[in-house]
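Colleague: got a predicted model here, sequence first, then my questions.
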Amino acid sequence: MKIVVVKSLVLGGLFCMTFLSSMLPVKLLAAVNDSSHRERRRKYQRVISFLSCFAAGVFLATCLLDLFPDVQDKLYTTLDKMGIITGYPVAEFITVLGIFIILIIEQIVLTVKENHAHNQMIERGEDEERRGLLAKPPTSPCQRPYRSISDISGEYRVVNTDNSVESIGYNNESEIEESHEHEHHDPSSHSFIRSVMLIMALSIHSIFEGLAVGLQPTAQATLQIFIALILHKCVLAFSLGMNLMQSKLTTWGVIRSNLAFSLASPTGIAIGMLIIDVSDSLAASLVNGILQGIACGTFLYVTFFEVLPHEFNSQQDRLLKLLFLLIGYSSVAGILFLDPDVIRQKKIHGGP
């Protein structure tokens, strides 16, 4: 009975801490939006930019130091048990497959959205031509070469040139300046589909993390993993919250997404408590490795195709952003060093 109580407390504590950490960026962004003073808004936005770089470091370290070694271990161990011996880089192949899955889905959605928006603009132009005088000329697709899914329906019309911004809509001077600094409208702008895929990848990973907790045979082992896991989850949840707040989701959309992510690890714990022998199944281990490999590709895509280009395209605070990127990476590296599984493997391989 004691082990069940401990795991139940761990389940509840993990959910609460993860959800609170993921909601911190919502409060931060609310402070930015409530500030009417331009200088104060600019300071807040700089902080948000730094935290986005921190999140990129977290995603990168989570992928390369946490997920990918697990993918290799799961896949090659399972294939070994199935009697399949191969020198083919299976883990690497599945990771790159994860990148292509997101890229294909995003480009399909973008193509459909852009075609729909283009057709609407043509119809609107024909209607206005019939009416005669035009109050505001429509914006042509060539005037906005850089758009993400969430930018297509945006109310601001901003064009990026080499070092200037041209206003086409009804932005005032301060909005133009802030759009130039923080809404680059480049191919790397945060998009809805990337955020959805990121949540799915993180949730799948979190379920298997929770599964590892739920399958522990003793209360001591459960608490050891929980201590390392809660630090990791809080940092990751905060980084996810930052990404969602920049994806132009509504506040309620962000809350629902954070809630779904926060429930993933407790769900894994509950499954592990109910099905204690699931880890002995070769099929389960193989599916685990494949899904985590796809999740690993998601982390790489979000880091290198979205966050880093979006932040480093700006000329401001390049070195500070680099510093926060390194801090994010180092934080996960340090937390993983406290992971009992990592320490145990070090001892097995002859470490001190």
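Modeller: Received, thanks. Numbering: from 1, shown residues only.
Colleague: look up the closest residue to Lys74, ignoring the ones flanking it.
Modeller: Nearest residue to Lys74 in three dimensions, chain neighbours excluded: Gly289, at 3.4 Å (Cβ to Cβ, 6 or more residues apart in numbering). Any C-beta I mention is one placed from the backbone N, CA and C, and that applies to glycine too.
Colleague: averaged pLDDT, the one helix or strand the one you found maps to. What do you get?
Modeller: In this assignment (DSSP states H and E), Gly289 forms part of helix 282-301. Average pLDDT, helix 282-301: 80.
Colleague: now do stretch 234-243
Modeller: Per-residue scores along stretch 234-243 average to 81.
Colleague: over to stretch 258-273?
Modeller: 86.
Colleague: how about stretch 87-103?
Modeller: For stretch 87-103, mean pLDDT rounds to 89.
Colleague: helix, strand, or coil at Leu249?
Modeller: What DSSP: H, G, I helix; E, B strand; the rest coil gives for Leu249 is coil.
Colleague: would you check that it makes contact with Arg194?
Modeller: No. If you go by Cβ atoms under 8 Å, Leu249 and Arg194 don't touch, sitting 11.4 Å apart.
Colleague: more neighbours, these two?
Modeller: Higher neighbour count among Leu249 and Arg194: Arg194, with 26 against 19, using other Cβ atoms under 10 Å.
Colleague: find the residue closest to Ile199 in space, skipping its chain neighbours.
Modeller: Closest residue to Ile199 apart from its sequence neighbours, by Cβ to Cβ, 6+ apart: Ser257 at 5.4 Å.
Colleague: hmm, I typed the wrong one, I wanted Ser247.
Modeller: Ser195 (3.9 Å).
Colleague: roughly how far does the one you found sit from Ala295?
Modeller: 15 Å (Cβ to Cβ, to the nearest Å).
Colleague: so for those two, which sits in the more crowded spot?
Modeller: Shown here are Ser195 and Ala295; by other Cβ under 10 Å, Ala295 has more neighbours (28 against 25).
Colleague: OK, contacts around the closest residue in space to that one that isn't next to it in sequence?
Modeller: Spatial nearest neighbour of Ala295, excluding adjacent residues (Cβ to Cβ, 6+ apart): Ala201 at 3.8 Å. Ala201 sits next to 98, 294-295, 298-299 when contact means Cβ atoms under 8 Å, 6 or more residues apart in numbering.
Colleague: 10 Å instead?
Modeller: Shown in contact with Ala201 (Cβ atoms under 10 Å, 6 or more residues apart in numbering): 59, 63, 67, 98, 101-102, 291-292, 294-299, 301-302.
Colleague: and what of Ser195?
Modeller: Going by Cβ under 10 Å, 6+ apart, the list of residues near Ser195 reads 149-150, 240, 243-249, 253-254, 257, 302, 306.
Colleague: quick one, helices of the chain?
Modeller: Counting by DSSP state H, one finds helices in the chain at the ranges 2-34, 38-61, 68-81, 90-131, 173-182, 192-214, 219-245, 251-274, 282-301, 308-312, 318-337, 340-348.
Colleague: any idea which of the ones you listed has the lowest pLDDT on average?
Modeller: Among these, helix 173-182 scores lowest, at a mean of 42.
Colleague: related to what we said a few turns ago, what's the angle from the helix holding Gly289 to helix 90-131?
Modeller: Here helix 282-301 points in a direction 50 degrees away from that of helix 90-131 (axes from the mean of the first three to the mean of the last three Cα atoms, to 10 degrees).
Colleague: does anything pack onto helix 282-301? Which helices or strands?
Modeller: Judged by 3 or more Cβ pairs under 10 Å, 6 or more residues apart in numbering; DSSP states H and E, helix 282-301 is in contact with helix 38-61, helix 68-81, helix 90-131, helix 192-214.
Colleague: what's the neighbour count on the nearest residue to Leu211 once chain neighbours are set aside?
Modeller: Excluding its sequence neighbours, the residue lying closest to Leu211 (Cβ to Cβ, 6+ apart) is Gly268, at 4.2 Å. Gly268 has 25 neighbours, counted by other Cβ under 10 Å.
Colleague: and Gly268, how far is that from Val213?
Modeller: 7 Å.
Colleague: which residues do those two both contact?
Modeller: Counting by Cβ under 10 Å, 6+ apart, the contacts common to Gly268 and Val213 are 11, 14.
Colleague: ok, Ile48 touching Val26?
Modeller: No. Applying Cβ atoms under 10 Å as the test, Ile48 and Val26 come out as separate, 11.8 Å apart.
Colleague: overlap in contacts, the two.
Modeller: Residues touching both Ile48 and Val26 by Cβ under 10 Å, 6+ apart: 242, 245.
Colleague: picking that back up, where's the residue nearest to Lys74 relative to Ala260, distance?
Modeller: Gly289 is 23 Å from Ala260, where distance means Cβ to Cβ.
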